[in-house]
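Participant: next comes the sequence, and after it the predicted model I'd like to discuss.
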Amino acid sequence: RVACYKKGQDRVLNRYFQEGLKGLIGNLGLADENLEECQKSVVGNYTKLKKDRRYFAKCHRPTELCYELLDDVILQSEELEVVLNLRRDFPRKEDCVELKEKC
């Protein structure tokens, strides 16, 4: 139960940081300047969190967090692929709306 709660908290934090990094995260491994941009964004966004102590450990290691964000995007893509495959043949209108948001 605690692991699920922690995973949910991590996902919320990751989404918060991912919003400012759209189009950049997928290229982290390809360019040092993208990694530097991600690190700057993480540090800048942490100050917007009013230096919440729950996130200090993650934000204090921006390089690690950037790669964690990349891993999370990959995981979300895999989860979306599973859902799309399940709904592909007989999608309902609600499915289309929900899947459009996830894309």
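Facilitator: Nice, thanks for sending it over.
Participant: starting at the chain centroid, how far to the biggest helix by length in the chain?
Facilitator: The longest helix of the chain (DSSP state H) is helix 62-87. Mean C-alpha position of helix 62-87 versus that of the full chain (C-alpha atoms, centre = their mean, to the nearest Å) differs by 7 Å.
Participant: which of the residues in that helix are buried?
Facilitator: Using 16 or more other C-beta atoms under 10 Å as the burial criterion, the residues of helix 62-87 that qualify are 62, 65-70, 72-73. Yep, even glycine has a C-beta here, placed from its N, CA and C like the rest.
Participant: measure the closest residue to residue 102 other than its chain neighbours to residue 95 for me?
Facilitator: Nearest non-adjacent residue to residue 102, counting by C-beta to C-beta, 6 or more residues apart in numbering: residue 80, 5.3 Å away. Between residue 80 and residue 95 the computed distance is 12 Å (C-beta to C-beta, to the nearest Å).
Participant: burial of residue 35, as a residue count?
Facilitator: 19 (other C-beta atoms under 10 Å).
Participant: low-confidence regions, this protein specifically.
Facilitator: The model of the chain has pLDDT under 70 over residues 23-31, 50-52, 103.
Participant: repeat that for 50
Facilitator: 30 (pLDDT under 50).
Participant: the longest helix of the chain: what's the following helix or strand?
Facilitator: helix 93-102 (DSSP states H and E).
Participant: what sits against residue 54?
Facilitator: residue 9 (C-beta atoms under 8 Å, 6 or more residues apart in numbering).
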